[in-house]
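> Can you look at this prediction? I've put the sequence above it.
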Amino acid sequence: MKKYIVLIVLFVLPLVAYLFFSSGINSFGRLPVLNEDLSVLRSFETDSITFDDKITILTFFGQNFDVRKVHAFNMKEKIYDRYHEFDNFQVVTVTETDSDEDIATFKSEINKTSEASEWFFLQLEDSKISALFKSLDSDLSLDEKLSSPYAFIIDKKMKLRGRSDDEEEGTKFAYDMSNLKEVSDKMNDDVKIILAEYRFALKKNNAQRQK
């Protein structure tokens with residue numbers, strides 16, 4: 001009898017646990033879609049910035065680079081430094097035109113802890129910054145300097161992801177970079193979820209092709 005109990009503990013229980021958690025990623029760990037169609041993002045693409053087939057963290061510095069970059073360092077430490085090496089992960093920051101000097105300074109600071117190769121800057125005219133932010137169709141708004149402390153998660157199919165039943169906000173469209181706890185807890189959890197989604201989908205597709 002003891003022999004069978006030992007066998008169950010060593011072999012059966014780990015297998016059951018694996019099946020439970022692996023199915024949980026697919027069934028319970030999906031990050032809600034809050035905006036089904038952000039194909040308008042294609043109109044803002046450049047030679048170096050594309051949104052299709054990318055997991056994008058979208059932020060807005062606008063005309064307020066000095067203030068927002070301080071907030072962005074929370075996200076750099078807790079999100080970018082951890083995940084920038086994942087395939088098709090990127091950060092895109094929207095700024096006013098003629099921000100080259102500020103961008104160069106910011107990238108040099110990022111490079112002290114991680115490569116800045118997956119952090120891109122999109123320089124737009126004021127009207128286009130407003131149009132891009134409005135297209136997200138969130139309950140948030142830009143300030144008078146066309147900036148925001150919030151970071152948005154956009155998936156590979158250009159859909160806005162977030163929380164539909166957040167315990168504090170209900171529908172949560174984005175994550176406050178100025179709040180270190182929110183970035184390290186909620187945002188970090190949700191980025192991990194969406195990355196797990198794609199890892200699971202990739203493994204599933206590979207397994208099907210091998211059959």
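Noted; the coordinates are in hand.

> So in that sheet, which strands flank the strand or helix carrying Ile57, and in what orientation?
Element membership of Ile57 [criterion: DSSP states H and E] is strand 55-62. With DSSP bridges as the test, strand 55-62 is paired with strand 89-96 (parallel), strand 148-154 (antiparallel).

> between the next helix or strand after the longest one and strand 55-62, how big is the angle?
Secondary structure here is assigned by DSSP H and E; on that basis, the next helix or strand after strand 89-96 toward the C-terminus is helix 100-110. Between the axis of helix 100-110 and that of strand 55-62 there is an angle of 130 degrees, by axes from the mean of the first three to the mean of the last three C-alpha atoms, to 10 degrees.

> quick one, domains of this protein?
Using automatic domain parsing, the domain parsing of the chain gives 1-30, 31-210.

> Now do the longest one: distance to the chain's middle.
In terms of C-alpha atoms, centre = their mean, to the nearest Å, the centre of domain 31-210 is found 5 Å from the chain centre.

> Now do the same for it: mean pLDDT, whole number.
The predicted model gives domain 31-210 an average pLDDT of 92.

> about what we covered before: quick one: residues in contact with the strand holding Ile57.
Outside strand 55-62, the residues that touch it by C-beta atoms under 8 Å, 6 or more residues apart in numbering are 68-69, 72, 75, 79-80, 86, 88-96, 99, 129, 133, 136, 142-143, 145-148, 150-156, 177, 191, 194-195, 198. Any C-beta I mention is one placed from the backbone N, CA and C, and that applies to glycine too.

> picking up where we left off before, among the domains of the chain, which is the most enclosed?
Stretch with highest mean neighbour count among those: domain 31-210 (a mean of 17; mean count of other C-beta atoms under 10 Å).

> re the thing from before, how about the strands paired with strand 55-62, which one is nearest Asp52?
Closest to Asp52 of those is strand 148-154 (C-beta to C-beta; 10.5 Å).

> Which residue ranges of this protein form helices?
In the chain, the helices defined using DSSP state H lie at 2-7, 13-27, 65-75, 81-83, 100-110, 126-135, 180-182, 188-210.

> Could you check how far Tyr198 is from Lys156?
7 Å (C-beta to C-beta, to the nearest Å).

> Identify the bridge partners of Met95.
Quick fix: residue 95 is Thr, not Met. Gly62, Gln123.

> Return the residues in contact with it.
Neighbours of Thr95 in contact, by C-beta under 8 Å, 6+ apart: 61-62, 65, 102-103, 121-124.

> And for Phe120?
By C-beta under 8 Å, 6+ apart, the contact set of Phe120 is 48-49, 90-93.

> now, which of those residues sits nearest Ser184?
Relative to Ser184, the closest of the contacts of Phe120 is Val91; by C-beta to C-beta it sits at 16.4 Å.

> so that closest one touches Asp81, yeah?
No. When contacts are counted by C-beta atoms under 8 Å, Val91 is not listed as touching Asp81 (11.1 Å).

> Can you give me the distance of Asp100 to Leu160?
To Leu160, Asp100 is 29 Å away according to C-beta to C-beta.

> typo on my end, Ser178
Applying C-beta to C-beta, the value for Ser178 to Leu160 is 20 Å.

> do the same with Ser141
As judged by C-beta to C-beta, Ser141 and Leu160 stand 16 Å apart.

> Repeat that for Lys54.
Lys54 is 14 Å from Leu160, by C-beta to C-beta.
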